[in-house]
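> next comes the sequence, and after it the predicted model I'd like to discuss.
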Amino acid sequence: MPESVTTEAVRQELRQVKYPGFSRDIVSFGLVKEVSVQNGTVSLRLEMTTADPQVPAQIEQRVRERLSGLPGVARVEVAIVPSGSQPAARTRPAAPSSIRHIVAVASGKGGVGKSTVAVNLAIALQKEGTKAAGLCDCDIYGPSIPLMLGTQESPQVTSEQRLVPIERFGLRVMSMGFLLESNQPAVLRGPLVTRYTQEFLRNVEWGDLDVLVLDLPPGTGDIQLTIVQTVRLSGAVVVTTPQEVALIDARKAVGMFGKVNVPLLGLLENMSYFLCPNDQNRYDIFGAGGGRREAERIGVPFLGEIPLEIAIRESGDLGVPIVLAEPDRPSSRAFRDAAKKILDTLSVS
């Protein structure tokens, strides 16, 4: 009698199939919807939507390679279908028609000041030539944008049950922090995180925007995958600090965007150096030149060096971004220069 294979054995093998560009497998990402085994034939139904038409083919090939080696498997049938009511799996997600460009601000690890960069970059983009800009806080578990913009307003809801973004300093903003009580944690499991992320991108009355900045959580997980499957990104900015331990994780973020076919607008180095207010000497606390060298190595634009300044922290805690609070500071000028480079790449005028 030939050895029979179980559905659990099939799922265990599928847990070895990583989503291209991510460290997680297709089972934990929730892409495997149906598994059946009958007379040696394994039938699978996978649901996904991706910006890169090569991704479904890559996943199917890896699935077949893993399962064909299982004892008792004579045939593998793989059906890849769209996620929910989204477009077909091999089509490119569309940006909302009222938004010209969507730019993700990402990092491979936490602690590099990504949200501070996202806030100031969004303000700088608005000031440097866009008619209207928005900022979406996609860090569902740790939303910090409300504090950095100095507001805890609750968004209004239209008669069509769409959220109206909060306006602050001329910027249209949405964050999970606006939907929670003060100090209330977002205790959510994966599917709900995905749902909230999609709601922020699809069910918010953003209006006509030249640029919408997405402040992504650190890493390469569920939210990042949800975003690239839900909307078309015009590009991504990867934030790092100069030291090698940060650059290691920045490379992972760069690799992720490459795998999902999102253009890299450049690397932006935060906390590049400290200018002592007493003697005006420069101190390279985290090393020097790491971001620039990495940008040159991988062949992407280097968007600039943001110095480590006490005023950046103070302005963020007070809810007035440094670009607005002290526009002549070195950090403010660096944010505006980075915004100009991004706008030039996107051809926004």
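Done, it's in.
> please enumerate the strands of the stretch 101-250 of the chain.
133-137, 166-168, 171-175, 209-215, 235-240 (DSSP state E, counting those that start in this stretch).
> looking at the ones you listed, which is nearest to residue 81?
Closest to residue 81 of the strands of the stretch 101-250 of the chain is strand 209-215 (Cβ to Cβ; 26.6 Å). For glycine as for every other residue, the C-beta is placed from the backbone atoms N, C-alpha and C.
> tell me the angle of that closest one relative to strand 235-240?
Here strand 209-215 runs at an angle of 40 degrees relative to strand 235-240 (axes from the mean of the first three to the mean of the last three Cα atoms, to 10 degrees).
> any chance you could list what contacts strand 209-215?
The contact list for strand 209-215, computed with Cβ atoms under 8 Å, 6 or more residues apart in numbering, reads 98-105, 114-115, 118-119, 121-122, 125-126, 130-139, 145, 172, 206, 227, 233, 343, 346, 348.
> what about 7 Å?
Applying Cβ atoms under 7 Å, 6 or more residues apart in numbering, the contact partners of strand 209-215 are 98-105, 114-115, 118, 121-122, 125, 130-139, 145, 172, 206, 227, 348.
> what subset of these is buried?
99-105, 114-115, 118, 121-122, 125, 130, 132-139, 145, 172, 206, 227, 348 (16 or more other Cβ atoms under 10 Å).
> inside helices: which ones of the residues you listed?
114-115, 118, 121-122, 125, 145, 227 (DSSP state H).
> quick revisit: let me have the strands of the stretch 101-250 of the chain in a markdown table, adding distance to residue 74 and mean pLDDT as columns.
Output for the strands of the stretch 101-250 of the chain, formatted as a markdown table (distance: least, Cβ to Cβ, whole Å; pLDDT from 0 to 100):
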| stretch | distance to residue 74 | mean pLDDT |
| --- | --- | --- |
| strand 133-137 | 48 | 94 |
| strand 166-168 | 58 | 93 |
| strand 171-175 | 51 | 93 |
| strand 209-215 | 45 | 94 |
| strand 235-240 | 43 | 94 |
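> can you put those strands in JSON lines and add distance to residue 314?
Below are the strands of the stretch 101-250 of the chain laid out as JSON lines (distance: least, Cβ to Cβ, whole Å):
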{"stretch": "strand 133-137", "distance to residue 314": "20"}
{"stretch": "strand 166-168", "distance to residue 314": "18"}
{"stretch": "strand 171-175", "distance to residue 314": "20"}
{"stretch": "strand 209-215", "distance to residue 314": "20"}
{"stretch": "strand 235-240", "distance to residue 314": "20"}
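> as a markdown table, the ones in helices among the buried ones among the contacts of strand 209-215 with distance to residue 11 and pLDDT would be great.
Putting those into a markdown table (distance: Cβ to Cβ, whole Å; pLDDT from 0 to 100) gives the following:
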| residue | distance to residue 11 | pLDDT |
| --- | --- | --- |
| 114 | 35 | 92 |
| 115 | 37 | 94 |
| 118 | 37 | 96 |
| 121 | 42 | 96 |
| 122 | 42 | 96 |
| 125 | 44 | 94 |
| 145 | 38 | 92 |
| 227 | 26 | 82 |
